[in-house]
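Novice: With the input below, show me the fold.
(one chain, ligands or ions: 1)
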Amino acid sequence: MCAAAPYNYNCRNHYRRLSSPAPREGLERKVVAALDLSASKGPIVVERAVVLERVGDLRAQLDAARAQGRTVGFVPTMGAFHDGHRSLMRAARARHDVVVVSLFVNPLQFGPAEDLDRYPKDLAGDVAGAAAEGVDIVFAPPVEEMYPGTDFSPDGAPPLTTVSVAGLTGGLCGSARPGHFDGVATVVAKLFGIVGPSTAYFGKKDAQQLAVVRRLVADLCLPVEIVGCPLVREADGMAMSSRNRNLSPAEREAATVIHRGLQTGADVVMAGERDAGKLRRVVANVLTTEPLVRLEYAEVVAADTLSPLEVLDGEVLVAVAARVGDVRLIDNMTVRVDGRGAVVDLGVNVAPTGEGGLCAAR
Ligand code: AMP
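Specialist: Below is the predicted model:
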């Protein structure tokens, strides 16, 4: 069965596991060979994705591939794949000889009262889905492999070394999730050190995360190119998210107001509005019409520095966060404003007959 049937990609829907002891639940208990590097260079032809749980195993595979001049493209994820994740895998597959996807729900980026325990998990389905997209290696480390000697319990021993990107992380989602972006920056820096990719792919859905990762790479002089990929939406406009699985049908229906708020904001920008405060209020007012949705913030900021704006100018991020039941959702659009006009980017809509999310006017 090819899970990605709507798309015309090579369906390589089996996987191999190459690892040390005790595979976790959901993983096939089968230990098989490494990547086939017998061809001297170029893309590796694999029948099945290799699943690795150990840093040493992954390094050995990738060192061998790099020694042959192969490039490594990397997609970090927390799993429970949807088309947003798959779009990143396709972007990497199109450009690299070896594609690595990491699958790790990072405890360091969850606060004590957050949904770490409820975060959706589907290890076997994700591995099959990654293989169907032509991913060569799924890196799915257990927590102790990523954070040896660390105890994440409330009175435990946190990691001694963390990475913090000041300035970009206090506002937007950072206000409600203190420490979240330190957790993100730390795990991304560790994963870059483990994988050593030439390029890493991130979704624009998590716009603040993308800005933080770009800054992290620039400030630490990390030799990795960061590619931001379009935000992918459901047919009804809802931004795809693993957390959407935790919404009840009524909440899922109510949550479409988030996209409608942004769409209304896009309409007023296209009609000529350049006052950031007015744009912010227009978006917020739509979201507050839905009783099941509690707006956390609607902000209009510069896309790179995330500083609040008074007037729309240059690359602008319009970002929202809202709680629907117990589920926290985020969404955004970007607006490029110059003397000639505005271009609004709401992302892409996967519905075959739906409207595209990109609108432009000069
Ligand atoms: P996550 O598994 O939620 O940590 O996301 C892994 C990667 O997928 C991140 O770079 C996200 O920005 C990206 N991603 C998640 N949802 C979407 C989406 N709807 N569209 C595009 N990229 C996404």
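Novice: contacts, neighbours, all on C-alpha from now
Specialist: Noted.
Novice: what ranges do the strands span in the stretch 251-362 of the chain?
Specialist: For the stretch 251-362 of the chain, the strands defined by DSSP state E, counting those that start in this stretch cover 293-302, 314-324, 327-338, 341-345, 348-349, 358-361.
Novice: Which one of those has the poorest average confidence?
Specialist: Within the strands of the stretch 251-362 of the chain, the least confident segment by mean pLDDT turns out to be strand 358-361, at a mean of 37.
Novice: Leaving aside the residues adjacent along the chain, what's closest to the residue in the stretch 251-362 of the chain positioned nearest to the ligand?
Specialist: The nearest approach of the stretch 251-362 of the chain to the ligand comes at Gly347, 7.8 Å away (CA to the nearest ligand atom). With sequence-adjacent residues excluded and distances taken as CA to CA, 6 or more residues apart in numbering, Gly347 is closest to Leu231, at 4.4 Å.
Novice: repeat for Glu144
Specialist: Using CA to CA, 6+ apart and skipping residues adjacent in sequence, the residue nearest Glu144 is Thr150, 7.4 Å away.
Novice: Confirm that neighbour sits in a strand?
Specialist: No - the assignment for Thr150 is coil, going by DSSP: H, G, I helix; E, B strand; the rest coil, so no strand is present there.
Novice: residues touching it, list them.
Specialist: By CA atoms under 8 Å, 6 or more residues apart in numbering, the residues touching Thr150 are Glu144, Gly156, Ala157, Pro158, Pro159.
Novice: Next one, pLDDT for the fourth one please.
Specialist: When you say that, I think you mean Pro158. According to the prediction, Pro158 has pLDDT 89.
Novice: Next: the one 3 residues further on.
Specialist: Model confidence at Thr161, given as pLDDT, is 96.
Novice: Now for it, how many residues are close by?
Specialist: Thr161 is surrounded by 7 other residues when neighbours are defined as other CA atoms under 10 Å.
Novice: In which helix or strand does it reside?
Specialist: When secondary structure is defined using DSSP states H and E, no element contains Thr161, which sits outside every helix and strand.
Novice: Same check on the one 10 residues further on?
Specialist: For Gly171, there is no host helix or strand (DSSP H and E).
Novice: check contacts around it.
Specialist: With contact taken as CA under 8 Å, 6+ apart, Gly171 is in contact with Leu306.
Novice: Tell me the residues of the stretch 51-200 of the chain that contact the ligand?
Specialist: For the stretch 51-200 of the chain, the residues in contact with the ligand (CA under 6 Å from any ligand atom) are Pro76, Thr77, Met78, Gly79, Gly84, His85.
Novice: taking these one by one, which sit in helices?
Specialist: The helices, defined by DSSP state H, take in Gly84, His85 from those.
Novice: List just the nearest of the residues of the stretch 51-200 of the chain next to the ligand to Ser175.
Specialist: For those, the closest approach to Ser175 (CA to CA) belongs to Met78, at 21.9 Å.
Novice: Tell me, what's the model's pLDDT at Glu355?
Specialist: Glu355 carries a pLDDT score of 42 in this model.
Novice: swap that for Ser248, sorry
Specialist: Among the per-residue scores, Ser248 holds a pLDDT of 98.
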